[in-house]
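Colleague: Any chance you could fold what I've pasted below:
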Amino acid sequence: MPNFILICRDKPNSLDLRMDTRPAHLDYFAAYGPRAMLAGPMLDDNGKPNGSILIIEADDHAEAQRFAENDPYAKAGLFESTEIQPMKLAAGSLLPKA
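Modeller: Alright, predicted model coming up:
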């Protein structure tokens with residue numbers, strides 16, 4: 001199954017919105033099950049979250065797009081932009097164990 005990386009950049013001055021929406025975002029990601037591979041905030045120079053990186057498995061780009069659009073962060077209007085890019089896992093602990 002293809003992997004996709006989602007690079008989501010927050011709108012300026014939106015840290016309060018991010019923090020208020022965070023529990024719903026984490027629940028949404030967890031509900032995607034084992035296809036939710038990795039997630040974490042990007043940080044600014046002061047260590048404050050200013051975006052998100054997510055890696056998911058999806059059947060195709062359209063499913064990855066739907067996943068991104070239904071994220072509570074996206075629905076709350078947190079993101080200034082979202083880039084969805086197919087990717088191939090080549091190394092690291094996320095690779096299936098042989």
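Colleague: so where is the protein shaky, pLDDT-wise?
Modeller: 95-98 (pLDDT under 70).
Colleague: Would you point out which residue is most central in it?
Modeller: Ranked by distance to the mean C-alpha position of the chain (Cα atoms, centre = their mean), the top residue is Leu54 at 3.1 Å.
Colleague: what lines up beside the helix or strand in which that one is found in the sheet?
Modeller: In the assignment (DSSP states H and E), Leu54 maps to strand 49-57. Neighbouring strands of strand 49-57 in its sheet, by DSSP bridges, are strand 3-10 (antiparallel), strand 36-43 (antiparallel).
Colleague: follow-up on the earlier one: relative to Tyr73, how far out is the residue nearest to the centre of the chain?
Modeller: 10 Å (Cβ to Cβ, to the nearest Å). Using the backbone N, CA and C atoms, a C-beta is placed for each residue, glycine as well.
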